[in-house]
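[1] sequence and predicted structure, then a few things I'm wondering about:
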Amino acid sequence: MTAPIPTNVHYHRKERELELTYAEGESYRLSVEYLRVFSPSAEVRGHGPDSATLQVGKKDVGLKDITPAGRYALKLHFDDGHDSGLYSWDYFYDLIRRREANWADYLRRLEEAGASRESLGIEIKQL
């Protein structure tokens with residue numbers, strides 16, 4: 001099954017949410033933290049199911065930029081410096097459909113690791 005292509009993508013900076021709107025009128029908001037910890041990059045996902053790297057301290061991450069990658073994906077540029085991995089329309093739709101299960105699994109893995117969503121450092125923002 002091929003995922004629908006959004007008709008509009010909007011970043012809500014204050015809420016740190018990316019909104020995807022589809023032709024059928026459906027609209028979904030995904031937190032930037034969720035998008036960051038489930039980045040499709042090899043840096044996050046690894047090169048196999050057992051080589052993924054648990055992302056910690058990403059609660060306050062935001063987006064610096066969004067750039068198109070052809071007609072099939074977006075590249076998200078996070079303010080923590082991460083900008084590898086392409087978010088295809090199929091991947092976005094999968095993240096939408098599996099959001100609750102993905103998030104519950106992420107929180108479980110954080111707890112098992114004794115890790116936190118909270119940033120450990122001082123946040124520095126460019127003016």
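    Right, received. Where do you want to start?

[2] return the distance of the lengthiest helix in the chain from the chain's centre.
    Selection of the longest helix in the chain by residue count, based on DSSP state H, yields helix 99-113. Distance of helix 99-113 from the chain centroid (C-alpha atoms, centre = their mean, to the nearest Å) equals 14 Å.

[3] CA atoms only for the helix or strand of the chain with the lowest mean pLDDT, dumped as PDB, please.
    Across the helices and strands of the chain, mean confidence by mean pLDDT, DSSP states H and E is lowest for helix 42-45: a mean of 85. This file holds the C-alpha atoms of helix 42-45, laid out as PDB (Å, rounded to 0.1, in the frame of the first residue of the first chain):
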ATOM      1  CA  ALA A  42      21.200   4.900  10.000                       C
ATOM      2  CA  GLU A  43      22.600   7.000  12.900                       C
ATOM      3  CA  VAL A  44      19.400   6.300  14.900                       C
ATOM      4  CA  ARG A  45      18.000   3.100  13.400                       C
END
